[in-house]
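In: sharing a model prediction with you, sequence too.
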Amino acid sequence: MKGSEALETTTIKKKSKINKERRKQYIAAYVFLLPWLIGFLGLILGPMISSLYLSFTRFDLLSTPEWIGLANFQEMFQDDRWIASAKVTLTFVFVAVPTQLVAALLVAVLLNKKMMGVGFYRTTYYLPSLLGGSVAIAILWKNLFEIDGLINQVLAFFNIQGQGWISHPDYALGTIIILATWQFGASMVIFLAGLKQIPKELYEAAAVDGGTKPQVFFRITLPLLSPVIFFNLVIELIKSIQVFTSAFIISEGTGGPINSTLFYTLYLYQKGFTQFEMGYASAMAWILVFVLGVMTLLIFFSSKYWVHYEDGGKL
């Protein structure tokens, strides 16, 4: 009996010691997580909850919010400028994202080959994406496409009449799409990493079987690269639907001629920080979150039909 009691006592002490060690580990983990938790609660979750509440109010930043229910959302769908901003943004997304991904993939395929100075070319193509949505790049782009800008000067050299590219409603959005396409460096680097992971044996087997380059590309490269395409597609979708800096600088904050560059985020900014309709702007922000969530879910749902993995698994 004494032996069993001693054994039980020893077991209890060991469990107590283990529990204390685990408790110390948990405390240490939470201490390290505390800065992130404070930032998440204070800078993300808190403002999101506040924004959700404000979306159902009339609030001008100066007076107390007045509860008006769904009035902001109802007004939104009757607002011609809101409808125009949604159309501009969706047009940009459905044109700029595929164009950028195709350009990034083609350049990545070219730079995946062994050639002299390939490192220099990779750096050169990646550099524009480092500058990203900076104000300096937007100003540079604006100066390039102005009536007396470099583009028209080059056209004039060949006796071609230039246009007011950023002041013409038919061309203004196109200049921003070209800017987004030009900044494909980040997607290109990810595609390069994906191409490096494709086994060379597959290409060697295809060469032995007499496969042409188009056949190899569409039957080997694209299927095996589909997870990377999926990743880039989601990232670029999220980034493009939130475009702001280039639209703001190029249109000088007005939305361009006939609202041709009135992006959704730009109109949201105008409503919230120019017209001080913060309740309306909050409602716009939540509509944006909802649409972005739906589009992302659709991509995830469709991925089971076109994203392939080496082990044959699906997402």
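Out: Received it, and whenever you're ready, just let me know what you need.

In: report the separation between residue 128 and residue 225.
Out: Per CB to CB, to the nearest Å, residue 128 is found 22 Å from residue 225. (Each C-beta comes from the backbone N, C-alpha and C, glycine too.)

In: so residue 269 makes contact with residue 242?
Out: No. Assessed by CB atoms under 8 Å, residue 269 is found out of contact with residue 242, at 11.6 Å.

In: of these two, which one has the most company?
Out: In this comparison of residue 269 against residue 242, neighbours counted by other CB atoms under 10 Å, the higher total goes to residue 269 at 18 against 14.

In: got the contact list for that one?
Out: Residue 269 makes contacts with 244, 248, 281, as judged by CB atoms under 8 Å, 6 or more residues apart in numbering.

In: with pLDDT, neighbour count and secondary structure added, can I get the residues you listed in CSV?
Out: What follows is those, written out as CSV (pLDDT from 0 to 100; neighbours: other CB atoms under 10 Å; DSSP: H, G, I helix; E, B strand; the rest coil):
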residue, pLDDT, neighbour count, secondary structure
244, 90, 15, coil
248, 90, 21, helix
281, 95, 23, helix
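
In: closest to residue 56 among the residues you listed?
Out: Residue 56 lies nearest to residue 281 out of those, by CB to CB, at 12.9 Å.

In: wait, the closest one touches residue 272, no?
Out: Yes. Taking contact to mean CB under 8 Å, the distance of 3.2 Å between residue 281 and residue 272 places them in contact.

In: one step back: need the contacts of residue 269 in TSV (columns: distance to residue 177).
Out: Conversion of the contacts of residue 269 to TSV gives the following (distance: CB to CB, whole Å):
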residue	distance to residue 177
244	15
248	16
281	26
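
In: of residue 128 and residue 225, who's got more company?
Out: In this view residue 128 and residue 225 are compared by other CB under 10 Å, and residue 225 has more residues nearby, 21 against 15.

In: for that one, grab phi and psi.
Out: For residue 225, the backbone dihedrals are phi -90, psi 0 (criterion: degrees, to the nearest 10).

In: excluding its backbone neighbours, what's nearest it?
Out: Setting aside the residues directly before and after it, residue 225 is nearest to residue 194 in space (CB to CB, 6 or more residues apart in numbering), at 5.0 Å.

In: what strand or helix carries that neighbour?
Out: helix 185-196 (DSSP states H and E).

In: pLDDT of that helix, averaged?
Out: For helix 185-196, the mean pLDDT works out to 90.

In: helices of the stretch 51-200 of the chain, residue ranges please.
Out: Here the stretch 51-200 of the chain has its helices, by DSSP state H, counting those that start in this stretch, at 71-76, 80-111, 118-131, 135-145, 150-157, 172-182, 185-196, 200-208.

In: show me the shaky parts of the stretch 1-150 of the chain.
Out: Counting by pLDDT under 70, the stretch 1-150 of the chain has low-confidence residues at 1-18, 132-133.

In: again, but for the stretch 151-300 of the chain
Out: Within the stretch 151-300 of the chain, the set of residues satisfying pLDDT under 70 is empty.

In: wasn't residue 255 part of a helix?
Out: No. Residue 255 sits outside any helix when classified using DSSP: H, G, I helix; E, B strand; the rest coil, being coil.

In: does it touch residue 268 like I think?
Out: No. With contact defined as CB under 8 Å, residue 255 does not reach residue 268; the gap is 11.6 Å.

In: and the end-to-end length of stretch 152-167?
Out: 13 Å (CA to CA, to the nearest Å).

In: contacts for that stretch?
Out: Outside of stretch 152-167, the residues within contact range by CB under 8 Å, 6+ apart are 142, 145-147, 149, 151, 171-172, 174-175, 250-251, 256-257, 261.

In: quick one: secondary structure of residue 262?
Out: On the basis of three-state DSSP, residue 262 is classed as coil.

In: not counting sequence-adjacent ones, nearest residue to it?
Out: Nearest non-adjacent residue to residue 262, counting by CB to CB, 6+ apart: residue 255, 3.2 Å away.

In: again, but for residue 195
Out: Taking CB to CB, 6+ apart as the measure, residue 195 lies nearest to residue 112, with 4.6 Å between them; neighbours along the chain are not counted.

In: just checking, residue 144 touches residue 150?
Out: Yes. The criterion here is CB under 8 Å, and residue 144 meets it with residue 150 at 5.1 Å.

In: these two: who's more crowded?
Out: For residue 144 and residue 150, the more surrounded residue by other CB under 10 Å is residue 144, and the numbers stand at 18 against 12.

In: now do the contacts for the more buried one.
Out: When contacts are counted by CB under 8 Å, 6+ apart, residue 144 touches 150-151.

In: from residue 167, how far out is it?
Out: From residue 144 across to residue 167, the span is 14 Å (CB to CB).

In: equivalent analysis for residue 254, please.
Out: Distance of residue 254 to residue 167, given as CB to CB: 11 Å.
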